[in-house]
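1. Could you work out the structure for the sequence below:
(one chain, ligands or ions: 2)
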Amino acid sequence: MNVTKAELVISAVKPEQYPAGGRPEVALAGRSNVGKSSFINKMINRKNLARTSSKPGKTQTLNFYLINDSFYFVDVPGYGFARVSKQERQKWGKMMETYFTMRETLKAALLLVDLRHPPTKDDVMMYEFFKHYEIPVIVIATKADKVPRGKQQSHAKIARETLGLAAGDLLILFSAETGQGKEEAWAALLPFLTE
Ligand code: GTP
Ligand code: MG
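-> Ligands and ions are numbered 1, 2, ... in the order given. Purely as a prediction, here's the structure:
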């Protein structure tokens with residue numbers, strides 16, 4: 001994919017703010033700090049268009065990035081960050097559920113998990129949520145640069161098994177540091193973006 005244009009169109013918290021126009025969308029999901037915003041930046045060759053941080057909880061809204069005037073990446077706040085109140089967690093849950101269950105232009109979800117560790121309970125719940133709502137899901141195992149090449153496949157196997165990945169579902173090893181998996185991720189996404 002040759003990305004020539006990428007812009008943040010809106011940071012939304014409610015459906016009235018989602019962009020109109022009917023262009024296809026792919027949304028990110030995953031734990032706080034797993035690398036969702038970094039994934040977007042790497043895919044579109046931008047250093048910090050999607051704001052990243054070493055502190056979890058950086059992304060707080062649904063951020064719609066319009067790419068090449070033709071489709072959106074939607075960056076979402078992460079889950080599993082301990083230092084948030086119950087009230088904040090409920091607000092997050094409602095915003096996510098509304099978006100993922102009602103958005104007709106959502107074509108696929110990218111579920112990001114950390115390749116270094118087995119997926120968490122929250123990761124498994126998120127995967128099952130997508131399955132339940134029949135949202136196509138591609139798993140991206142991030143921070144692959146932190147796992148020696150020789151160990152990556154065994155970590156990937158653990159991730160597949162822990163998530164209970166369905167037969168046809170892809171798991172792509174990815175690094176926002178080295179660009180590993182970038183072309184594979186574009187190839188997996190392309191069928192969802194051309195409608
Ligand atoms: P929230 O917005 O809090 O939900 O986090 P996020 O999932 O958007 O994570 P973000 O992209 O902000 O990255 C979190 C931290 O992990 C940053 O310090 C990144 O530099 C680092 N990081 C992300 N991806 C990678 C990767 O592939 N390799 C390495 N080594 N570090 C990464
Ligand atoms: Mg983020």
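2. On the three-state scheme, the residue positioned nearest the centre of the chain is what?
-> Nearest to the mean C-alpha position of the chain, counting by Cα atoms, centre = their mean, stands Leu28 at 2.1 Å. Assigned by DSSP: H, G, I helix; E, B strand; the rest coil, the conformation of Leu28 is strand.
3. contacting residues around the nearest residue to it once chain neighbours are set aside?
-> Nearest-residue entry for Leu28: Lys36, 4.2 Å, with adjacent residues in sequence omitted and distances by Cβ to Cβ, 6 or more residues apart in numbering. All C-beta atoms are positioned from the backbone trio N, CA, C, and that covers glycine. Residues in contact with Lys36, defined by Cβ atoms under 8 Å, 6 or more residues apart in numbering, are 28-30, 50, 59, 75-76, 78, 112.
4. Could you find the lowest-pLDDT member of those residues?
-> Ranked by pLDDT, the contacts of Lys36 bottom out at Thr59, which scores 76.
5. Count the neighbours of that one for me.
-> Residues near Thr59, counting by other Cβ atoms under 10 Å, number 20.
6. With adjacent residues omitted, what lies nearest to it?
-> The shortest distance from Thr59 to any non-neighbouring residue, by Cβ to Cβ, 6+ apart, is to Pro77 (5.0 Å).
7. I'd assumed the one you found was in a helix, is it?
-> No: counting by three-state DSSP, Pro77 falls outside a helix, being coil.
8. which one in the chain is furthest away from the centre?
-> Using Cα atoms, centre = their mean, the residue of the chain lying farthest from its centre is Gly150. It sits 25.6 Å away.
9. Can you give me the separation between the nearest residue to Lys55 once chain neighbours are set aside and Lys131?
-> Among residues not flanking Lys55 along the chain, Asn33 sits closest, at 7.7 Å (Cβ to Cβ, 6+ apart). Distance from Asn33 to Lys131, counting by Cβ to Cβ, to the nearest Å: 24 Å.
10. Looking only at neighbour counts, state which of the two leads.
-> Neighbour comparison, Asn33 and Lys131: the larger count goes to Asn33, with 20 against 16 (by other Cβ under 10 Å).
11. hang on, the earlier thing: quick check: phi and psi at the residue nearest to Thr59.
-> Main-chain dihedrals, Pro77, degrees, to the nearest 10: phi -70, psi 150.
12. ok, it touching Asn63?
-> No: using Cβ atoms under 8 Å, Pro77 makes no contact with Asn63, being 9.3 Å away.
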